[in-house]
Each structure stands twice: as structure tokens, then as C-alpha cells.
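K.L.:
quick one: sequence and predicted model below, then my questions.
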Amino acid sequence: QVHLLESGGGLVQAGGSLTLSCAASGRPLSHYIMGWFRQAAGKEREFVAGVNRFSSITYYADSVKGRFTISRDNGKNTVDLLMNNLKFEDTAVYYCAADPDVSSIPRVQVNAYDYWGQGTQVTVSS
């Protein structure tokens, strides 16, 4: 089992940048495919970005492609999400999540991920 804790959220102006971090404890992060999801008020949780175990495959939602970058450091048990050129519509609670099915590529389905952090709020002012 792995425990996940996000940090780095906050208030930023449109066009600005933020880096979210997810720190893992318990089972090493290298055992999992990792993803970032977000949930805006009144909306369903949606996939943002994912990375496989050894960072050879990354996958992004179309809405963030070219602006967000996911990276992981298995030695430090962390996964980061660099968010550039933030838009008002990026406002949401952001969650990191772990998928134990390491035979797959990063998956977009919420129910593919067994472990979740508590989330960190990102607010983009227009």
C-alpha cells in the first residue's frame, strides 16, 4: 500500500505557472503507474496526466497538452506536475493517484487508480 500527499497548490494569475508535488510513503513509488487528476467544482474528476513506472511513457489530456509536464523521481518517491500558461479553466482540486497495474500504459479512467492523495487546490484568477 502507498500513501500519497500532494503539495504546491495555490492562487496564481492566468498565464502563470505552478508546480505540484506528490510525495509517497509506504510501498515504493516505482511499483506504480502514476497519474494526476483534477476535479472542478460541480464537475466529475478528470484525468490530467500520467507516467509509467520508469518515465518512458507519458500521456496528457488534450486540454493540458503542451502546457503541463508530468515527471517522477523514483529515488525520491515523488511525482511532479509542472503547469505553465495556466488558464482560468484549470481551476480545480488536483489529485495524484497510483495504479498498481504496471503492465499497462497510463490510463485515464478514475477507477483504474487504487490510491489517492487528499488533493491540493489550484485557483487561477482571470
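P.N.:
Arrived safely. Residues are numbered from 1 along each chain as shown.
K.L.:
from now on I want contacts and neighbour counts done on CA atoms only, so please keep to that.
P.N.:
Will do.
K.L.:
Gln118: how many residues sit nearby?
P.N.:
For Gln118, the neighbour count with other C-alpha atoms under 10 Å is 14.
K.L.:
tell me the contacts of it?
P.N.:
4-6, 95 (C-alpha atoms under 8 Å, 6 or more residues apart in numbering).
K.L.:
most neighbours, which of the residues you listed?
P.N.:
Tyr95 (27 neighbours).
K.L.:
tell me the contacts of it?
P.N.:
6, 36-38, 116-120.
K.L.:
coming back round to it: just the contacts of Gln118: which are in strands?
P.N.:
Those of those mapping onto strands are 4-6, 95, per DSSP state E.
K.L.:
which of the contacts of Gln118 lies closest to Ile57?
P.N.:
Tyr95 (19.7 Å; C-alpha to C-alpha).
K.L.:
excluding covalently adjacent residues, which one is nearest to the residue positioned nearest the centre of the chain?
P.N.:
Most central in the chain under C-alpha atoms, centre = their mean is Trp36, positioned 2.0 Å from the mean C-alpha point. Excluding the flanking residues, the one nearest Trp36 by C-alpha to C-alpha, 6 or more residues apart in numbering is Cys96, at 4.5 Å.
K.L.:
for the one you found, give its distance to Gly16.
P.N.:
Computed as C-alpha to C-alpha, to the nearest Å, the Cys96 to Gly16 distance reads 21 Å.
K.L.:
between these two, who's got more neighbours?
P.N.:
In terms of neighbours (other C-alpha under 10 Å), Cys96 is the more surrounded of Cys96 and Gly16; the figures are 31 against 14.
K.L.:
check contacts around the more buried one.
P.N.:
Contacts of Cys96 by C-alpha under 8 Å, 6+ apart are 4-6, 22, 34-37, 116-117, 119.
K.L.:
what about it, distance to Thr69?
P.N.:
Using C-alpha to C-alpha, Cys96 is found at 14 Å from Thr69.
K.L.:
can you check Gln121 too?
P.N.:
Look at Gln121 and Thr69: by C-alpha to C-alpha, they are 18 Å apart.
K.L.:
is it true that Arg107 touches Asn52?
P.N.:
No: counting by C-alpha atoms under 8 Å, Arg107 does not reach Asn52; the two are 9.5 Å apart.
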